[in-house]
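model this:
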Amino acid sequence: MSDAVSPLAWRVVPAALRTLARWITIVQLVGYTTSLVYVWHTTRLTPPGIEARYRGTNPEGGTAPMQFPKSFAEMLTITHTHLLSMAVIFVLTGLGVALCGSLPERWRRFLVAEPFAALLVSFAAMWLMRYVDPRFAWLLEASSALLALTFYVQSYLILRDLARVRRGEAGR
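Reported below is the predicted structural model:
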């Protein structure tokens, strides 16, 4: 479905809702980036760092700060809070992408669905890494990287489309 055929696109959304979408996207960008800085700080974004964060470290293993394995209750809490909050983030960005009239329907559908699949893979990998095999840290890192990339692409596309609509209105 192209923008010319689509009855719902950013160009037909009221200006106040476009302003809300722009600010939600900007705040989510700051929040998501902050969370990635935190993950870098705690894991260095490497499979060994991720493994140490969830499975713990050997206390006699060197100079790195000691980390303890996450308990079952901690794993449930992390999963519960992150899945629900990230689902909301990706509902908002998914709605924004769905309104991007400049994007082909196939890409819109992919970018709307991909984060939810990546979320499920990431959290499955986290549990598998914690309780089955530490090598699942690679899957967690890969799926989380794809999730982050998709989030930034979604945000760019939303802000780009909103800017195009704004420029179009200014030219009238």
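
what helices and strands are in contact with the helix or strand hosting Leu29?
Using DSSP states H and E, Leu29 sits in helix 15-43. Secondary-structure packing of helix 15-43 (3 or more CB pairs under 8 Å, 6 or more residues apart in numbering; DSSP states H and E): helix 47-55, helix 72-98, helix 137-170. Glycine gets a C-beta too; all of them are placed from N, C-alpha and C.

could you check how far the longest one is from the centre of its chain?
What separates the centre of helix 137-170 from the centre of its chain is 9 Å, taken as CA atoms, centre = their mean, to the nearest Å.

what comes up buried for it?
Within helix 137-170, the residues scored as buried using 16 or more other CB atoms under 10 Å are 137, 139-141, 143-144, 146-148, 150-151, 154-155, 157-159, 161-162, 165.

likewise for the second one?
The neighbour-count criterion (16+ other CB under 10 Å) identifies Met75, Ile78, Met86, Ile89, Phe90, Leu92, Thr93, Gly94, Gly96, Val97, Ala98 as the buried residues of helix 72-98.

which SS class is Lys70?
coil (DSSP: H, G, I helix; E, B strand; the rest coil).

which residue is the nearest non-sequential neighbour of it?
Tyr54 (5.1 Å; CB to CB, 6 or more residues apart in numbering).

against Phe151, how distant is that neighbour?
22 Å (CB to CB, to the nearest Å).

what of Val30?
Val30 is 12 Å from Phe151, by CB to CB.

which neighbouring elements make contact with the helix or strand bottoming out on mean pLDDT in the chain?
Least confident helix or strand, the chain: helix 47-55 with a mean of 93, by mean pLDDT, DSSP states H and E. For helix 47-55, the packing partners by 3+ CB pairs under 8 Å, 6+ apart come out as helix 15-43, helix 105-131, helix 137-170.

make TSV out of those helices and add mean pLDDT.
Below are these laid out as TSV (pLDDT from 0 to 100):
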stretch	mean pLDDT
helix 15-43	97
helix 105-131	98
helix 137-170	96
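
closest to Pro65 out of those?
helix 15-43 (9.9 Å; CB to CB).

from the chain's centre, how far out does that closest one sit?
Using CA atoms, centre = their mean, the offset of helix 15-43 from its chain centre is 10 Å.

go on, stretch 80-98?
Chain-centre distance of stretch 80-98: 8 Å, with CA atoms, centre = their mean.

Leu36: how many residues sit nearby?
Other residues near Leu36 come to 16 when the count uses other CB atoms under 10 Å.

next, Pro65: secondary structure please.
From three-state DSSP, the assignment for Pro65 is coil.

before I go, just wanted to say thanks for your time.
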